[in-house]
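Participant: got a predicted structure here, sequence first:
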Amino acid sequence: MQSGASVVGLDNLPTGRFSFSYTSPMRPPQVLADNTNERPPKMGKIVVSDNISLDGVIQDPAGDEGFSRGGWVGLIKDRPGANKLALDEALGSDAMLLGRRSYEWLAARWPSRSGELADRLNSMPKYVVSSTLEDPAWNNSTVLKGDVVNEVSKLKQELNGEINVPASFQLVRTLMEHDLVDELRLKIYPVVLGAGERLFGETSDKRPMRLVDTRTIDGDVAFLTYERVRDA
């Protein structure tokens, strides 16, 4: 599986969760048997996080892939909100999941860098979907060589936290088709490109999403968060 989009939010940059139960004072507390089989299993959450144009293009946001309309995000150094967002997202993720080309693009840049974001990305577990990659050079990387759907499904069962998927649009399309995406985080830049690879492809059925958060960063970028709506 490959990607044709660079991860500009990661390339150009210099929480745990808890839950509790509430017992109504109008009812006596319930006594639950200490049987872990009766508790809902924890699973990893697949979070797709991408920069896209107004018309849905993901290709070459940084402008270093040779795409004639690339470089559409502008200079990241002029976007402190994008800088902070990338760091916060890295600190809040438990692992990264990437297509081979996106993985190699990042692996060629981050191991030699320093700083809080570099430290987190270099130490974070990374899973790359590829049938050809043999010896991943980036620290703490694992190659998923089997069937994509089976491998990612197993990964969700093995991990409890967020599994971040940057760029990797071909991988994202497969995950969407097989209903493995739990959340979308889209940074929408105010430009219509008119050409280029889009984030989403065709699916065999609709995929209802629920808008759960909306913000504006750096004055002109809409940051939208959607969660997958599944049947109860």
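Facilitator: Great, that's in hand.
Participant: and P136, how many neighbours does it have?
Facilitator: Neighbour count for P136, taken as other C-beta atoms under 10 Å: 18. All C-beta atoms are positioned from the backbone trio N, CA, C, and that covers glycine.
Participant: mind checking which helix or strand it is in?
Facilitator: Using DSSP states H and E, P136 falls within no helix or strand.
Participant: what separates it from L75, distance-wise?
Facilitator: 30 Å (C-beta to C-beta, to the nearest Å).
Participant: and what of D182?
Facilitator: Taking C-beta to C-beta, one finds D182 at 32 Å from L75.
Participant: neighbour count: those two, which is higher?
Facilitator: A count of neighbours by other C-beta under 10 Å puts D182 above the other of D182 and L75, at 19 against 9.
Participant: and the helices in the chain?
Facilitator: Using DSSP state H, the helices found in the chain span residues 8-11, 80-92, 100-107, 116-123, 148-158, 169-177.
Participant: for the chain, which element, helix or strand, carries the lowest mean pLDDT?
Facilitator: helix 8-11 (a mean of 58; mean pLDDT, DSSP states H and E).
Participant: quick one: which of the helices of the chain is nearest S141?
Facilitator: Among these, helix 100-107 comes nearest to S141, with 7.5 Å by C-beta to C-beta.
Participant: now the angle from that closest one to helix 169-177?
Facilitator: If you take axes from the mean of the first three to the mean of the last three C-alpha atoms, to 10 degrees, helix 100-107 sits at 130 degrees to helix 169-177.
Participant: chain center to helix 100-107, what's the gap?
Facilitator: With C-alpha atoms, centre = their mean, to the nearest Å as the basis, helix 100-107 stands 14 Å off its chain's centre.
Participant: let me know the average pLDDT across it.
Facilitator: The average pLDDT for helix 100-107 rounds to 94.
Participant: that one packs against which elements?
Facilitator: Packing partners of helix 100-107 (3 or more C-beta pairs under 8 Å, 6 or more residues apart in numbering; DSSP states H and E): helix 8-11, strand 126-129.
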